[in-house]
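1. Quick check, what structure comes out for this input:
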Amino acid sequence: MTTTFILMLCAVLVGSVIQRATGVGFALISAPFIILHLGPLDGVVTTSVLGGLSSLLIYAGHIRHVEYRKTIPLTLAAIVGIIPGALMMHFLPAPPMQIASGSLMVVALVISLFGSRMSWLDSGGGRVGAGLLGGLMQSVGGVGGPAVIAYANASRWEHRKFATSVQFYFVVTGVAAVAMLWRWPAMTLLEWAEALVALALGTLLGNYLARYMGPRLGRTVSMILAFCGAIMVIVNGARALG
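-> Here you go, the predicted structure:
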């Protein structure tokens, strides 16, 4: 068991805890370490698989509470955004794309901080734009959350409803990213099993922590994680270039 794989397992554990407790955070925390262990393409696919499973565990218990009116347009737009990102991952160097993707995340999050002054973000066009950007980032860096977090913050989407609804988005976009990237990671069955155990344990612990995570704290944590995730994607791309 290598050092990078141990770091990856720790990141999967912590990411699944935060995902269950706040509704977001799995990919933001785990993607940099998964990509460090497996490389850009395999890392994005593995993040999409594990992230989709993490969200599926949460979604299965909250299907009736999902706000599909907001979530479906985001999801459909994200699927469209995944297509060019997947093509670029196959035909263009990954590091510059990761830097560009992370930079777009930062821009989107900064814009979301001023969302109360930008009513146009709380519209059909705003949802579609967030979905397109999220899908692109999903297929390039494995991290599609910052774009939808930016939209949720700008549109003042109540955090508990957002945290439940976004699981549907993550499940569908995770499946779509894996299908369009058309690659299965070079991990052994034992490594998959260990990763799945870490994910399950993290989800159980997150169930406990979710009882104490209020809406304001949840939104604050999600925004901090989104910024950190975006910066980590940029740093990973810059390191790969060097």
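
2. Tell me where the chain is predicted with low confidence.
-> When the per-residue scores of the chain are filtered using pLDDT under 70, the ranges that remain are 101, 104-105, 108-109, 111-124, 213-216, 218-219, 222-223, 226, 229, 242.

3. Counting by contacts, list what the helix or strand Gly126 falls within packs against.
-> Taking DSSP states H and E as the criterion, Gly126 maps to helix 124-141. In this structure, helix 124-141 packs against helix 40-59, helix 68-91, helix 94-113, helix 145-154, helix 159-181, helix 215-241, with contacts taken as 3 or more CB pairs under 8 Å, 6 or more residues apart in numbering; DSSP states H and E. (Each C-beta comes from the backbone N, C-alpha and C, glycine too.)

4. swap the cut-off to 6 Å and go again
-> On a contact count with 3 or more CB pairs under 6 Å, 6 or more residues apart in numbering; DSSP states H and E, helix 124-141 meets helix 68-91, helix 94-113, helix 145-154, helix 159-181.

5. contacts for the longest one?
-> Put plainly, it is helix 68-91. By CB atoms under 6 Å, 6 or more residues apart in numbering, the surrounding residues in contact with helix 68-91 are 41, 97, 127-128, 131-132, 134-136, 138-140, 165, 168-169, 172-173, 176-177, 180-181.

6. one step back: now the helices and strands packed on helix 124-141 in TSV, with distance to Ala11 and mean neighbour count?
-> Formatted as TSV, the helices and strands packed on helix 124-141 follow (distance: least, CB to CB, whole Å; neighbours: other CB atoms under 10 Å):
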stretch	distance to Ala11	mean neighbour count
helix 68-91	21	19
helix 94-113	17	20
helix 145-154	15	29
helix 159-181	17	23
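
7. Leu241: which of those helices is closest?
-> Relative to Leu241, the nearest member of the helices and strands packed on helix 124-141 by CB to CB is helix 94-113, separated by 4.6 Å.

8. mind checking how far Leu9 is from Ile149?
-> 25 Å (CB to CB, to the nearest Å).

9. Turn the helices and strands packed on helix 124-141 into a markdown table, including distance to Val17.
-> As requested, those are exported to a markdown table (distance: least, CB to CB, whole Å):
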| stretch | distance to Val17 |
| --- | --- |
| helix 68-91 | 23 |
| helix 94-113 | 22 |
| helix 145-154 | 15 |
| helix 159-181 | 14 |
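
10. Tell me which of these lies nearest to Thr4.
-> Taking CB to CB as the measure, those were each checked against Thr4, and helix 94-113 came out nearest at 17.3 Å.
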